[in-house]
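Trainee: no FASTA, just this:
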């Protein structure tokens, strides 16, 4: 199943309707809020960011950290202000939409879009807590 098809609301409507006691015509957003669930497209990003956090705090295997390149280590950025940024990663250019799903592209792009105050948290449990709060505020406008 393609990502576009997974991210369509009707695929998780039925799963949410049963525990929340909703009818088929009810809106799904209040049920997601009540169950503390994120929509699928945000859940995918939520799963990528802790993995990128483990790369940042150097608690992941080397085969994962070797896939991404920090901006400060990029030879093309010498002399630029961004060359001193140790919390951002370079996003390699891709030609196809399929290439955007690779970890070497998707990981750095979702990590760089995260606010700097959350990116600089070193404790993993605190990072996940702030990340989930960030996503709930972003999606549910609380």
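Mentor: Received it, and whenever you're ready, just let me know what you need. All of these numbers come straight from a predicted model, not from anything done at the bench. Numbering: from 1, shown residues only.

Trainee: Break the protein down into its structural domains.
Mentor: 1-37, 40-140 (automatic domain parsing).

Trainee: Report the secondary structure state of residue 110.
Mentor: helix (DSSP: H, G, I helix; E, B strand; the rest coil).

Trainee: what's around it, how many residues?
Mentor: Other residues within reach of residue 110 by the criterion other Cβ atoms under 10 Å amount to 18. Backbone N, C-alpha and C define where each C-beta goes, glycine included.

Trainee: same check, this time on the one 5 residues further on
Mentor: Burial of residue 115, expressed as a neighbour count using other Cβ under 10 Å, amounts to 9.

Trainee: Please apply the same query to the one 5 residues further on.
Mentor: If you count neighbours by other Cβ under 10 Å, residue 120 ends up with 11.

Trainee: quick one: low-confidence parts of the protein?
Mentor: 1-26, 72-87, 142 (pLDDT under 70).

Trainee: The same query, at a cut-off of 80, please.
Mentor: Applying pLDDT under 80 to the chain picks out residues 1-36, 69-88, 90, 95, 142.

Trainee: Helices of this protein, start to end?
Mentor: Applying DSSP state H to the chain gives helices spanning 3-6, 10-20, 29-35, 40-56, 62-65, 103-112, 116-119, 124-140.
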